[in-house]
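J.: generate a structure from the sequence data that follows.
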Amino acid sequence: MQIAQELSNPIRYLAKSIFASPSDTLSPSEQLIIAQDAGNYAITNLDALLFARDFNDFPTVARKALRVIRYDGPSPISPSRSKTFFSGYAKLDQALEYVEALLPEQEVIQGVRRVTLRMFPHMALRELMANMLIHQDFSITGTGPMICIFDGRIEFTNPGSSLVDVARLLNDLPHSCNEKMAAICR
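T.: A predicted model of the protein is given here:
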């Protein structure tokens with residue numbers, strides 16, 4: 001009977017069972033859902049960034065939606081398509097499919113099989129997108145992550161600057177300005 005009552009409010013049940021249990025190893029500052037004094041629960045900005053259905057429901061993170069722009073030619077003078085993904089970063093696959101659909105590909109015959117060769121490998125695009133989203137500087141307001149697709153190249157940009165010197169990217173220790181998000185997304 002008690003479980004049925006708790007399931008009548010799924011957010012409360014989720015918060016109690018996952019994030020607010022006494023045996024939970026997360027500290028109060030690391031929780032994604034925070035219990036309030038009135039018995040309600042609040043969703044943190046981190047939770048909204050990762051799992052929101054629509055960023056517009058959360059004014060503090062609304063400008064952090066991923067934007068993808070396809071340009072005709074090698075310069076940003078003539079955009080041909082643009083799409084903004086307002087759902088949480090955990091739904092990375094939807095944006096990745098859209099980006100891959102905009103990229104050039106080629107079909108070749110290898111023996112008796114037809115094989116599609118993509119301009120960029122799927123795993124490389126996924127890693128670049130994840131790094132762009134996780135390692136942005138959230139203290140910079142009014143801008144968000146963006147992918148620009150040109151003829152022959154793709155650019156991933158996010159707010160902030162690199163914590164690692166660009167000349168030392170390959171041999172320097174990794175750093176993140178969003179350790180909690182990076183840990184959750186591993």
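J.: I figured residue 176 hits residue 131, correct?
T.: No: with contacts counted by C-beta atoms under 8 Å, residue 176 stays clear of residue 131, the gap being 9.4 Å. Backbone N, C-alpha and C define where each C-beta goes, glycine included.
J.: list the contacts for the residue nearest to residue 145 when sequence neighbours are not counted?
T.: Spatial nearest neighbour of residue 145, chain neighbours left out: residue 158 (4.4 Å); criterion: C-beta to C-beta, 6 or more residues apart in numbering. With contact taken as C-beta atoms under 8 Å, 6 or more residues apart in numbering, residue 158 is in contact with 132, 133, 135, 136, 137, 144, 145, 146.
J.: tell me the pLDDT at the fourth one?
T.: Each residue has a pLDDT score; the one for residue 136 is 87.
J.: phi, psi of the residue nearest the centre of the chain?
T.: For the chain, the residue whose C-alpha lies nearest the mean C-alpha position (C-alpha atoms, centre = their mean) is residue 89; its distance is 2.9 Å. Dihedral angles of residue 89 (phi, psi; degrees, to the nearest 10) stand at phi -70, psi -20.
J.: skipping its backbone neighbours, what lies nearest it in space?
T.: Distances taken as C-beta to C-beta, 6+ apart place residue 133 nearest to residue 89, at 4.8 Å, with adjacent residues excluded.
J.: tell me which element that neighbour falls in.
T.: Using DSSP states H and E, residue 133 falls within helix 122-134.
J.: and that helix, how far out from the chain middle?
T.: A distance of 9 Å separates the C-alpha centroid of helix 122-134 from that of its chain, computed with C-alpha atoms, centre = their mean, to the nearest Å.
J.: now stretch 39-47
T.: For stretch 39-47 - counting by C-alpha atoms, centre = their mean - the centre lies 19 Å from the chain centre.
J.: ok, now stretch 131-139?
T.: On C-alpha atoms, centre = their mean, the centre of stretch 131-139 falls 9 Å from the chain's centre.
J.: tell me where this structure has strands.
T.: With DSSP state E as the definition, the chain shows strands at residue ranges 33-35, 41-43, 66-71, 79-85, 105-110, 113-118, 146-150, 153-157.
J.: list the pairing partners of the fourth one within its sheet, with orientation.
T.: Think strand 79-85. As defined by DSSP bridges, the strand partners of strand 79-85 come to strand 66-71 (antiparallel).
J.: now the strand it pairs with: average pLDDT?
T.: Strand 66-71 carries an average pLDDT of 95.
J.: give me the neighbour count for residue 34.
T.: Residue 34: 16 surrounding residues under other C-beta atoms under 10 Å.
J.: quick one, what contacts the closest residue to it other than its chain neighbours?
T.: By the measure of C-beta to C-beta, 6+ apart, the closest residue to residue 34 outside its immediate chain neighbours is residue 42, 4.8 Å from it. Contacts for residue 42 were tallied using C-beta under 8 Å, 6+ apart; they are 33, 34, 36.
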